[in-house]
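**Q** Show me the folded form of this:
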Amino acid sequence: MKSLKKYILNKTGHFGEYGGRYVPELLMPIMEELEKVFYESIKDRSFQDELNGLYKTYSGRPTPLYFCENLSKKLGGARIYLKNEGLNHTGAHKINHCLGQALLAKRLGKKRVIAETGAGQHGLATATVCAKLGLECVVYMGAKDFRRQRPNVFFMERLGAKVVPVKSGGQILRDAINEALKDLISNPEDTHYLLGTVCGPHPYPVMNAHFQSIVGREVRKQLDGSPDYLVACVGGGSNAIGLFHDFLDDEGVKMIGVEAGGKGIKETSSKCDHAARFETGETGVVEGFKSYFLQNKDGQIKDTHSISAGLDYSGVGPQLVYLKDIGRIETSYALDDEVLSAYELLARTEGVFAALESCHAVAEVIKLAPKLPKNKIIVFNCSGRGDKDLFIVTEKFNFKIS
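**A** Numbers count the residues shown, from 1 in each chain. Down below sits the predicted model:
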């Protein structure tokens, strides 16, 4: 059997029938130059040393792997461990690839960085590394997310970033991506598009998977071995592939990606009450890559819904689709109400406020752990902390902020 670890980081950018580079001719030289510099840099000792130095002294790696003793006792069954990516500087796993890409932008001689963001964690991390490295920063954010993630908008602006609310389409993550691609087409010489997940045209899925793979490598060292289950939420897929990658060739490790079930797996011809691509998505080519997307019979992308802005996306990373197709990973989904229950349970048992995205993984763990014997180990990726969701959760729990 071929190594899945190597295949997911292959140089072609194709994973079975998925992935690829479907972009306007104007963008081909940009993508080819980025691909060349990326593969050169990750073999360059000076680049590795600079990036690892920033991980250690700036973003705060390694992040803790924490045994959730109280939650494990309450649920019964398996031992539950939390990989706390929320303790990274800026509060999520996103800074892992933001630091890597920002260093690549400097090597490319770019002066300006653009990004898309949904929950705001990628935008915040981008704005942070741009401030650190002296780069101009513009962040595109769907107007709906701009309103529901106000804390991160505030912090991005304080860091010097220009945050642009996108009012087209559903005013969510996919619309922010479209605007960022338009910007790149208009400003190809001086701008680097710091795409925030394992989606988009090659080399982005491979590049961000490479930078995020540090998460799983740390888990292996911290456990001094392999867990029985890995669980992560899945929007675009960067935190999931980051956790899964180092264990892809460990046949005994089961992996579960948890999507946004929203209000339920219901949909009309133009709109979904969820963002569960593995449940009802179909293969298509959108935003420069081939993958699963929520689309109508004419191939038009449907509006989606999730309580979590970071999972409110119609597509998913091509590597994860390939892994699902071959049976290497399993997928599930959590409903909004289950996510809120998981948010509160984790807080009350472990004193941890997780991001609503991460609470999709917690919701799956709550279902899974009681079914397993006590000698089994589950690791879930707490991909971010819950500060950013203050205005969403206070409303849902009927708490008034005066």
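**Q** Below-threshold pLDDT in the protein: ranges please.
**A** Scanning the chain with the threshold set as pLDDT under 70 gives 1, 402.
**Q** any chance you could map the helices in the stretch 101-250 of the chain?
**A** For the stretch 101-250 of the chain, helices defined by DSSP state H, counting those that start in this stretch occupy the ranges 121-133, 143-148, 150-158, 173-186, 204-212, 214-223, 238-244.
**Q** among those, which is the most enclosed?
**A** Among the helices of the stretch 101-250 of the chain, ranked by average contacts under mean count of other Cβ atoms under 10 Å, first place goes to helix 238-244 (a mean of 31). All C-beta spots, glycine's among them, are computed from the backbone N, C-alpha and C.
**Q** Show me the strands in this structure, by range?
**A** Per DSSP state E, the chain carries strands over the ranges 14-15, 18-19, 65-67, 79-84, 112-117, 136-142, 162-166, 191-193, 229-233, 254-262, 282-286, 289-293, 330-335, 377-382.
**Q** Could you look over those and pick the most buried one?
**A** strand 229-233 (a mean of 29).
**Q** before we move on, back to that, include distance to residue 184 when you put the strands of the chain into JSON lines, please.
**A** Shown next, in JSON lines, are the strands of the chain (distance: least, Cβ to Cβ, whole Å):
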{"stretch": "strand 14-15", "distance to residue 184": "22"}
{"stretch": "strand 18-19", "distance to residue 184": "19"}
{"stretch": "strand 65-67", "distance to residue 184": "37"}
{"stretch": "strand 79-84", "distance to residue 184": "33"}
{"stretch": "strand 112-117", "distance to residue 184": "7"}
{"stretch": "strand 136-142", "distance to residue 184": "11"}
{"stretch": "strand 162-166", "distance to residue 184": "14"}
{"stretch": "strand 191-193", "distance to residue 184": "5"}
{"stretch": "strand 229-233", "distance to residue 184": "28"}
{"stretch": "strand 254-262", "distance to residue 184": "27"}
{"stretch": "strand 282-286", "distance to residue 184": "16"}
{"stretch": "strand 289-293", "distance to residue 184": "15"}
{"stretch": "strand 330-335", "distance to residue 184": "31"}
{"stretch": "strand 377-382", "distance to residue 184": "30"}
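**Q** Looking at those strands, which is nearest to residue 101?
**A** Nearest of the strands of the chain to residue 101, taken as Cβ to Cβ: strand 191-193 at 7.1 Å.
**Q** From residue 344, how far off is the spatially most central residue of the chain?
**A** The chain has residue 238 as the residue nearest its centroid, 3.7 Å off, counting by Cα atoms, centre = their mean. Distance, residue 238 to residue 344, using Cβ to Cβ, to the nearest Å: 26 Å.
**Q** ok so, going back, wait, what's in contact with the residue nearest to the centre of the chain?
**A** Shown in contact with residue 238 (Cβ atoms under 8 Å, 6 or more residues apart in numbering): 93, 94, 97, 196, 197, 198, 208, 209, 212, 317.
**Q** From residue 25, how far out is the residue nearest to the fourth one when sequence neighbours are not counted?
**A** By that I understand residue 196. Ranked by Cβ to Cβ, 6 or more residues apart in numbering and with sequence neighbours excluded, the top spatial neighbour of residue 196 is residue 122, at 3.4 Å. Distance of residue 122 to residue 25, computed by Cβ to Cβ: 28 Å.
**Q** can you check residue 103 too?
**A** Residue 103 is 28 Å from residue 25, where distance means Cβ to Cβ.
**Q** Residue 68 reaches residue 84, doesn't it?
**A** No - using Cβ atoms under 8 Å as the test, residue 68 is too far from residue 84 to be in contact (10.5 Å).
**Q** okay, and the common contacts of those two?
**A** Common contacts of residue 68 and residue 84 (Cβ under 8 Å, 6+ apart): none found.
**Q** State the number of residues packed around the residue lying closest to residue 260 once chain neighbours are set aside.
**A** Closest residue to residue 260 apart from its sequence neighbours, by Cβ to Cβ, 6+ apart: residue 306 at 3.5 Å. Residues near residue 306, counting by other Cβ atoms under 10 Å, number 32.
**Q** List the contacts of residue 306.
**A** Residues in contact with residue 306 (Cβ under 8 Å, 6+ apart) are 260, 262, 274, 275, 312, 336.
**Q** The same query, at a cut-off of 10 Å, please.
**A** Contacts for residue 306 (Cβ atoms under 10 Å, 6 or more residues apart in numbering) come out as 118-119, 172-173, 235, 259-263, 272-276, 312-313, 333-336, 339, 356-357, 360.
**Q** now residue 93
**A** Residue 93 makes contact with 59, 63, 83, 85-86, 121-122, 125, 211-212, 214-215, 232, 238-239, 242-243, 358, 381-384, according to Cβ under 10 Å, 6+ apart.
**Q** likewise residue 382?
**A** Contacts of residue 382 (Cβ under 10 Å, 6+ apart): 63-64, 66, 68, 81-87, 92-93, 232-233, 239, 346, 350, 352-355, 357-359, 361-362.
**Q** buried ones in stretch 45-55?
**A** By 16 or more other Cβ atoms under 10 Å, the buried positions in stretch 45-55 come out as 47, 51, 54, 55.
**Q** leaving aside the residues next to it on the chain, what's closest to the third one?
**A** Spatial nearest neighbour of residue 54, excluding adjacent residues (Cβ to Cβ, 6+ apart): residue 99 at 5.1 Å.
**Q** What count of nearby residues applies to the one you found?
**A** Counted with other Cβ under 10 Å, residue 99 comes out at 25.
**Q** and what of residue 263?
**A** Residue 263: 15 surrounding residues under other Cβ under 10 Å.
**Q** count of neighbours near the closest residue to it other than its chain neighbours?
**A** Sequence neighbours aside, residue 273 is the residue nearest to residue 263 in space, at 4.0 Å (criterion: Cβ to Cβ, 6+ apart). Residues lying near residue 273 (other Cβ under 10 Å) number 20.
**Q** residues in contact with residue 163?
**A** Taking Cβ under 10 Å, 6+ apart as the criterion, residue 163 is in contact with 117, 120, 123, 127, 137-141, 146, 152-157.
**Q** How about residue 164?
**A** Shown in contact with residue 164 (Cβ under 10 Å, 6+ apart): 114, 116, 138, 139, 140, 141, 143, 146, 176, 179, 180, 183.
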